[in-house]
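**Q** just a sequence and a predicted model for now, questions to come.
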Amino acid sequence: MDQVATTLATRHELAVVAATTGQTNLLAHALCPTPADLHRYLTHRLSALDQICALETAPVLHTLKAAGHSPRHPAPYPGSNY
């Protein structure tokens, strides 16, 4: 779990990575501008980690207040839209 959490914490798409208790071990909050970007992240970036055996998504359709970079500010990573 520590290895996966450390790997996920380096991903610019993720605003939060946290250890949890219960049915899951980790929670990650992805900031994807479109459903297609979320699909691409799940199927290409997360699926590349063999240690992840299951995942559950819960899309947020409207956010009033959030942690992370505002789209109004320059992208923190070259070539990103975040």
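**A** Arrived safely, thanks for sending. Numbers count the residues shown, from 1 in each chain.

**Q** and His29, which of the three is it?
**A** Here His29 is recorded as strand under DSSP: H, G, I helix; E, B strand; the rest coil.

**Q** helix/strand/coil for the closest residue to it other than its chain neighbours?
**A** The spatial neighbour of His29 that comes closest, neighbours along the chain excluded (CB to CB, 6 or more residues apart in numbering), is Val16 at 4.1 Å. Yep, even glycine has a C-beta here, placed from its N, CA and C like the rest. Look at Val16: counting by three-state DSSP, its state is strand.

**Q** number of residues surrounding Val16?
**A** 14 (other CB atoms under 10 Å).

**Q** got the confidence number for Met1?
**A** Listed pLDDT for Met1 reads 87.

**Q** again, but for Gln23
**A** Gln23 is given a pLDDT of 86.

**Q** coming back round to it: would you confirm that the residue nearest to His29 contacts Leu26?
**A** No - if you go by CB atoms under 8 Å, Val16 and Leu26 don't touch, sitting 10.3 Å apart.

**Q** not counting sequence-adjacent ones, nearest residue to the residue nearest the centre of the chain?
**A** When CA atoms, centre = their mean is applied to the chain, the residue found nearest the centroid is Ala30 (2.6 Å). Closest residue to Ala30 apart from its sequence neighbours, by CB to CB, 6+ apart: Glu13 at 5.1 Å.

**Q** look up how far Gln23 lies from that neighbour.
**A** 23 Å (CB to CB, to the nearest Å).

**Q** those two - which one has more neighbours?
**A** Set side by side, Glu13 and Gln23 show more neighbours around Glu13, with 19 against 7, by other CB under 10 Å.

**Q** so who does that one touch?
**A** 30-32, 41, 45, 82 (CB atoms under 8 Å, 6 or more residues apart in numbering).
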